[in-house]
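>>> Provide a 3D model corresponding to the input given below.
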Amino acid sequence: MKLVNVIRMIDHVEPPLKDILLNILEAIELQYEELSQQVTKTEFNELKEIVARLAEAQERTDCRLEELAKAQERTERRLEELAKAQERTERRLEELAKAQKKTEKELAKLIGEHKVTRERLEGLSDTVGYTLENHAYKGLPKILKDMGITVEGRLIRKYLVVGDRERQVNIFGEARRDGERMLILGEAKVRPSKKEINRFMGLCRRMAEEKDMPIFKVFVAHDFPPKIEAYIREKDILPVWSYELD
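Numbers count the residues shown, from 1 in each chain. Next up, the predicted model:
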């Protein structure tokens, strides 16, 4: 029932009761207004709290966006630095590639020059070696004769078949001592090495087994370092200096 209708009905009530009813209605209206205002304040406070939270969230969002913007700026600077570093690296690699190409050309040139030098040295060594051998063929028979060894025929350079290989020996010949036949095997080197001596000893052992005869071993050289000369004598090889061939 609407309030206005209630008031019209009260008008027909006796005055004492009418006053009581009007007071009651006034109290009810007052409570209704207070209740309406109370609900409004609560909702307003809740709204204020929501607004405050939204403001804080917005502030945090703004801060985060600012941080992201700064991070983006740093990232862009870093990328720019990386791009420049990459550019420098590519230039450096290009320089290194050019230097490598130049080095390869120089190395190829040096290899070619070294090959020519080696061929010349080998040719010179062969010339010296052949000259030394030729002197040995003429001078050794006299030296051996003084030792009681008589060379039969001539001393020569010869290829010997050892196993399934051919080996060249610089000095080869046959001789006799006290009626006993023997082989003369020798090498002519500018300056012999232990490796050459050991290889020569291996050849002598194989020939002694195949020919079943004693081997007289000799090394002719322009120079015998003391340790090498001692090693040669230890192997029962006669060292002959080139000047002794004259």
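
>>> Q168 belongs to a strand?
Yes: under DSSP: H, G, I helix; E, B strand; the rest coil, Q168 sits within a strand.

>>> leaving out chain neighbours, which residue sits closest to it?
Nearest residue to Q168, sequence neighbours excluded (C-beta to C-beta, 6 or more residues apart in numbering): Y159, at 5.2 Å. Every residue, glycine included, has its C-beta placed from N, CA and C.

>>> can you confirm that neighbour is in a strand?
Yes: counting by three-state DSSP, Y159 is located in a strand.

>>> ok, Y137 - contacts?
If a contact means C-beta atoms under 8 Å, 6 or more residues apart in numbering, then Y137 has R154, L155, I156, I171 as its contacts.

>>> which of those are buried?
Buried residues within the contacts of Y137, defined by neighbour count using 16 or more other C-beta atoms under 10 Å: L155, I171.

>>> who does the helix or strand hosting E174 touch, helix- and strand-wise?
Element membership for E174, per DSSP states H and E: strand 165-177. Using 3 or more C-beta pairs under 8 Å, 6 or more residues apart in numbering; DSSP states H and E, the elements in contact with strand 165-177 are helix 15-146, strand 150-162, strand 180-189, strand 215-221.

>>> direction included, what does the third one pair against?
If you go by DSSP bridges, strand 180-189 pairs up with strand 165-177 (antiparallel), strand 215-221 (parallel).

>>> same thing with the second one?
Strands adjacent to strand 150-162 in the sheet, as given by DSSP bridges, are strand 165-177 (antiparallel).

>>> which residues touch the strand it pairs with?
Outside strand 165-177, the residues touching it (C-beta under 8 Å, 6+ apart) are 129, 133, 136-137, 140, 144, 148-161, 181-188, 203, 216, 218, 220.

>>> CA atoms only for that strand, dumped as PDB, please.
Taking C-alpha atoms only, strand 165-177 is exported to PDB below (Å, rounded to 0.1, in the frame of the first residue of the first chain):
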ATOM      1  CA  ARG A 165     113.400 -54.800 -53.900                       C
ATOM      2  CA  GLU A 166     116.300 -53.300 -55.700                       C
ATOM      3  CA  ARG A 167     118.900 -51.500 -53.700                       C
ATOM      4  CA  GLN A 168     121.700 -49.400 -55.000                       C
ATOM      5  CA  VAL A 169     125.100 -49.700 -53.400                       C
ATOM      6  CA  ASN A 170     127.700 -47.100 -54.200                       C
ATOM      7  CA  ILE A 171     130.700 -49.400 -54.000                       C
ATOM      8  CA  PHE A 172     130.600 -53.000 -55.000                       C
ATOM      9  CA  GLY A 173     133.300 -55.500 -55.900                       C
ATOM     10  CA  GLU A 174     134.900 -58.900 -55.200                       C
ATOM     11  CA  ALA A 175     138.200 -59.400 -53.500                       C
ATOM     12  CA  ARG A 176     140.500 -62.000 -51.800                       C
ATOM     13  CA  ARG A 177     142.400 -62.000 -48.600                       C
END
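
>>> buried ones in it?
By neighbour count on 16+ other C-beta under 10 Å, the buried set for strand 165-177 is R167, V169, N170, I171, F172, G173, E174, A175.

>>> could the residues you listed be laid out in CSV, adding distance to P192?
Output for the buried residues of strand 165-177, formatted as CSV (distance: C-beta to C-beta, whole Å):
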residue, distance to P192
R167, 17
V169, 14
N170, 11
I171, 13
F172, 17
G173, 20
E174, 24
A175, 22
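
>>> now, of the contacts of strand 165-177, which are buried?
129, 133, 136-137, 140, 144, 149, 151, 155, 160, 182-188, 203, 216, 218, 220.

>>> spit out the contact partners of L155.
Per C-beta under 8 Å, 6+ apart, neighbours of L155: A136, Y137, L140, P141, I171, F172, G173, I184.

>>> recalculate using a threshold of 10 Å.
133, 136-141, 144, 170-175, 184, 186, 218 (C-beta atoms under 10 Å, 6 or more residues apart in numbering).
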